[in-house]
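K.L.:
Here's my sequence, what's the structure:
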Amino acid sequence: MAQSRRLAPLVCAVVALAALVAAFLAWRLVGDDSSSGSRTFTGQETAAVEAAQTEAANLLSFRRAHFDADVKRALAGATGSVVTDIKRRTADVKKLITAGKFDLVAKVTHAALVGRVDDDKVTGYVVLVSLNGYRSDQLTNPTAQQNLSVTVVQQSGRWLVNQVDSIGVTS
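P.N.:
Numbering: from 1, shown residues only. Predicted coordinates for the structure are as follows:
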């Protein structure tokens with residue numbers, strides 16, 4: 001009994017120390033701004049994310065009544081192989097929406113900055129963009145969700161889409 005009375009303060013000290021260590025670790029893991037994604041973006045990062053959202057939606061939105069203008073808009077926000085892809089698929093998209101009598105509309109639901117790209121070919125940012133795709137004849141139900149990795153580069157003072165990759169399961 002006397003021995004347990006002598007160990008009681010030691011046990012309390014060990015438990016208190018363990019609680020302090022656990023609290024510190026929890027604070028570091030949860031409260032650290034750099035790991036929680038709550039840091040403030042630079043002006044360039046903000047502009048890159050905004051451009052990636054706009055241009056991703058432009059690449060997936062085509063209306064029959066304004067098809068040529070929509071293609072020009074998509075081309076104006078693109079560079080490199082993305083321009084080639086738009087031009088290659090333009091006739092097929094026009095044929096599809098004309099025959100089906102619907103328009104395609106994409107709405108951004110989420111976007112997240114992945115980071116900066118600096119390699120021999122490009123300097124820019126990679127942004128993850130999630131979009132819901134709608135057909136004009138089914139506007140209440142999204143027909144497809146697209147999760148894209150969009151690389152934007154700055155050329156002549158404008159942010160342009162340089163690469164688009166689909167992420168995850170697609171239909």
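
K.L.:
make it CA atoms for all contacts and neighbour counts henceforth
P.N.:
Noted.

K.L.:
Would you state the strands of the protein in chain order?
P.N.:
When assigned using DSSP state E, the strands of the chain occupy the ranges 104-118, 123-135, 144-155, 158-166.

K.L.:
The third one pairs with which strands, and in what direction?
P.N.:
Paired neighbours of strand 144-155 in the sheet (DSSP bridges): strand 123-135 (antiparallel), strand 158-166 (antiparallel).

K.L.:
how is the chain carved up into domains?
P.N.:
2-30, 41-166 (automatic domain parsing).

K.L.:
quick one, which of these is packed in tightest?
P.N.:
Across these, averaging neighbours per residue (mean count of other Cα atoms under 10 Å) puts domain 41-166 on top, at a mean of 17.

K.L.:
pLDDT on that domain, on average?
P.N.:
This predicted structure assigns domain 41-166 an average pLDDT of 91.

K.L.:
quick revisit: could you export the strands paired with strand 144-155 as a markdown table, including distance to Asp103?
P.N.:
Formatted as a markdown table, the entries for the strands paired with strand 144-155 read as follows, by distance: least, Cα to Cα, whole Å:
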| stretch | distance to Asp103 |
| --- | --- |
| strand 123-135 | 6 |
| strand 158-166 | 21 |
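
K.L.:
Figure out which of the strands of the chain is closest to Arg63.
P.N.:
Between Arg63 and those, the shortest gap by Cα to Cα is with strand 104-118, which sits at 6.2 Å.

K.L.:
Export the closest one to CSV, keeping only CA atoms.
P.N.:
Taking Å, rounded to 0.1, in the frame of the first residue of the first chain, the C-alpha atoms of strand 104-118 are listed here in CSV:
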residue,chain,number,x,y,z
LEU,A,104,-23.5,20.8,-73.4
VAL,A,105,-23.0,22.9,-70.3
ALA,A,106,-20.2,22.3,-67.7
LYS,A,107,-20.3,23.9,-64.2
VAL,A,108,-17.3,23.9,-61.9
THR,A,109,-18.1,22.4,-58.5
HIS,A,110,-14.6,22.3,-56.9
ALA,A,111,-11.0,23.4,-57.6
ALA,A,112,-7.8,22.9,-55.8
LEU,A,113,-4.3,24.1,-56.5
VAL,A,114,-1.8,21.2,-56.7
GLY,A,115,1.3,23.2,-57.2
ARG,A,116,3.8,24.8,-59.5
VAL,A,117,5.2,23.1,-62.7
ASP,A,118,8.7,24.0,-63.7
